[in-house]
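1. below are the sequence and a predicted model; questions follow.
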Amino acid sequence: MSEETVSGEEYTLDVDSELRFEIESKDSKVVVELKSGQAEMFGTELVKSKTYEFQTGAKVAIFTYHGCVVKLKGKPDVNYISKETPMVSYLNCHAALEQLRQSADENDSRGPVVMIVGPQDVGKTTLCRIFLNYAVRLGRRPLYVDLDVGQGAISIPGTIGSVLIERPASLEEGFSQTAPLVYHFGHKSPGENDALYRTIVSKMAEVCLESMNVNKRNKSSGIIINTCGWVKGAGYKHLLHTASAFEVVGIFVLDQERLYNELLRDIPSFVRVVLLQKSGGVVERSGAIRIEARDQRIKEYFYGSRTPLYPFSFDVKFADLKIYKIGAPPLPDSCMPIGMKAEDNKTKLVAVQPGPAMLHHILAVSFAESTEEEVITTNVAGFICVTQVDMDRQVITVLSPQPRPLPNTILLLSELQFMDSH
């Protein structure tokens, strides 16, 4: 290793510029330290002289409004300083949201509910993080809602979630995930079951809007909503449905004029639609990298990221399991009972017998105690993964964040799988 890599290299950043780096090589790490000035990463401030460690897969942008000196130790695969950054326009949008929060404070009304939309890989999740961090740095407590079932920023892929943000995201690990509200969807794209996706988005909207009334601070802080990168056809209809269900007052469109103009045409005129440019640091991910990111999210759920978690493994008898999937195979209209639509089948509970096909699948542990309850719109307590199926002994072995026994509840089968390599 060269001496420079060991001792590190210093970068001097001018006003409104950012240092971008990516770590792609396996088992690489880069240590960052702010030597002087002020800097932030996606809205979280760096503490001077504190070291931050980033590992394989990290894509980092360290931005400064006033100028700074940053030291990097290690060997990023890509690193450069850019003066072309949309951060100032993002700050202006944050300032506009803050004005709405102030007026909500004065009138005891609801703070801004906004959604961030755009195709895949334009930086939607990062922009959410910037807006949320800026809000909490001013003492706000916004709700963060993630409707992107493909990546799962709040829980795991195949779910939608919301969480109250009370402190800035940690640079290395993101937002604290205490007590998120999570609904099971069970697929990687809304298109796998449009009816179910609309149902749980509507339920999430109802619960989130209701929860804003808990106290004045939550109410005026508003909601930031992250959406899927599917913006055409049925994906576009889901965006319209989300805007209406959450009663949004603003939509930020990243990097797509066509989508911006469609929304201007179809969204009520009292909703502000704003077109923003994406950051030049945003990297397009291949299908393989997206799959890897999904697996990583699930692995972190069971094993933790920085702070290791130690999941439990135990057997459960077939007889003690109540497993369902949501959505029966579609029937032709001629075979449907009178008054039923094919849509209704998509949100039906179907009992599933344990068997070899369940191996490696994720099961959501529902808070619903019986099928008498509205299982689909009941949130989930957590997840387990089927690691073995023994047909002779009639037991499955599961990986679980909690020790046995499983709570006596309903389990919902997800199409998402996780190969436990530990």
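-> Okay, I see it.
2. all strands for the stretch 151-300 of the chain, in order.
-> 159-164, 181-184, 223-226, 250-254, 272-276 (DSSP state E, counting those that start in this stretch).
3. got a list of contacts for the host helix or strand of Ser414?
-> In this assignment (DSSP states H and E), Ser414 forms part of strand 411-417. Under the criterion C-beta atoms under 8 Å, 6 or more residues apart in numbering, residues 156-158, 184, 186-188, 192, 294, 298, 321-326, 352, 358, 360-366, 375, 380, 383-384 lie in contact with strand 411-417. C-betas here are computed from N, CA, C, even on glycine.
4. what subset of the residues you listed is buried?
-> Among the contacts of strand 411-417, those that count as buried by neighbour count (16 or more other C-beta atoms under 10 Å) are 156-158, 184, 186-188, 192, 294, 298, 321-326, 352, 358, 361-366, 375, 380, 383-384.
5. right, and Lys59 touches Arg285 too?
-> No - the pair Lys59 / Arg285 is not scored as a contact, 9.5 Å apart, by C-beta atoms under 8 Å.
6. looking at these two, which one has more neighbours?
-> A count of neighbours by other C-beta atoms under 10 Å puts Lys59 above the other of Lys59 and Arg285, at 18 against 15.
7. gap between the more buried one and Val15?
-> Computed as C-beta to C-beta, to the nearest Å, the Lys59 to Val15 distance reads 23 Å.
8. just Arg198 next, same as before
-> Separation of Arg198 from Val15 (C-beta to C-beta): 46 Å.
9. which of these two has more residues huddled nearby?
-> For Arg198 versus Val15, neighbours defined as other C-beta under 10 Å are more numerous around Arg198 (19 against 11).
10. that one reaches Leu240, doesn't it?
-> No - the criterion here is C-beta under 8 Å, and Arg198 misses it with Leu240 at 10.7 Å.
11. for the protein, which element, helix or strand, carries the lowest mean pLDDT?
-> helix 3-7 (a mean of 52; mean pLDDT, DSSP states H and E).
12. mind listing what's buried along whichever helix or strand comes after that one?
-> Toward the C-terminus, helix 3-7 is succeeded by strand 9-13 as the next helix or strand (DSSP H and E). Neighbour counts over strand 9-13 (16+ other C-beta under 10 Å) mark Tyr11, Leu13 as buried.
13. check the offset of strand 9-13 from the chain's centre.
-> The chain centre lies 32 Å from the centre of strand 9-13; the measure is C-alpha atoms, centre = their mean, to the nearest Å.
14. quick one: contacts of it?
-> Strand 9-13 has contacts (C-beta under 8 Å, 6+ apart) with 19, 35, 37, 39, 62, 64, 67-73, 81.
15. paired strands for that strand, with orientation please.
-> The pairing partners recorded for strand 9-13 under DSSP bridges are strand 68-74 (antiparallel).
16. excluding its backbone neighbours, what's nearest the most centrally placed residue in the chain?
-> The centroid of the chain falls nearest to Ala153 when counting by C-alpha atoms, centre = their mean (2.1 Å). Excluding the flanking residues, the one nearest Ala153 by C-beta to C-beta, 6 or more residues apart in numbering is Asp146, at 4.5 Å.
17. so that neighbour sits against Asn226, correct?
-> Yes - counting by C-beta under 8 Å, Asp146 touches Asn226, with 4.7 Å between them.
18. list residues touching both of the two?
-> Thr125, Cys128, Ala153.
19. now do the helices in the stretch 101-250 of the chain.
-> Ranges of helices within the stretch 101-250 of the chain are 124-137, 194-211, 216-221, 234-245, based on DSSP state H, counting those that start in this stretch.
20. list just the one of those that sits closest to Gln402.
-> helix 194-211 (23.7 Å; C-beta to C-beta).
21. just the buried positions in the closest one, please.
-> So for helix 194-211, counting by 16+ other C-beta under 10 Å, buried means 194-205, 208-209, 211.
22. likewise for stretch 379-393?
-> Buried residues in stretch 379-393, counted by 16+ other C-beta under 10 Å: Asn379, Val380, Gly382, Phe383, Ile384, Cys385, Val386, Thr387, Val389.
23. measure the second one to Phe318 for me?
-> Right, Val380. Val380 sits 22 Å away from Phe318, going by C-beta to C-beta.
24. most widely separated two among the contacts of strand 9-13?
-> Gly67 and Lys73 (21.4 Å).
25. what is the burial count for Gln394?
-> Residues near Gln394, counting by other C-beta under 10 Å, number 11.
26. give the contact list for it.
-> Lys317, Phe318, Ala319.
27. so where's the stretch 251-400 of the chain shaky on pLDDT?
-> Within the stretch 251-400 of the chain, the stretches with pLDDT under 70 are 330-343.
28. can you pull out the helices in it?
-> 257-266, 287-303, 342-346.
29. let's have the ones you listed in TSV, adding distance to Val30.
-> Formatted as TSV, the helices of the stretch 251-400 of the chain follow (distance: least, C-beta to C-beta, whole Å):
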stretch	distance to Val30
helix 257-266	35
helix 287-303	18
helix 342-346	46
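30. for Ser28, which of those helices is the nearest?
-> So among the helices of the stretch 251-400 of the chain, helix 287-303 is nearest, using C-beta to C-beta, at 15.3 Å.
31. specify the angle between that closest one and strand 411-417 in degrees.
-> The directions of helix 287-303 and strand 411-417 differ by 140 degrees, with axes from the mean of the first three to the mean of the last three C-alpha atoms, to 10 degrees as the criterion.
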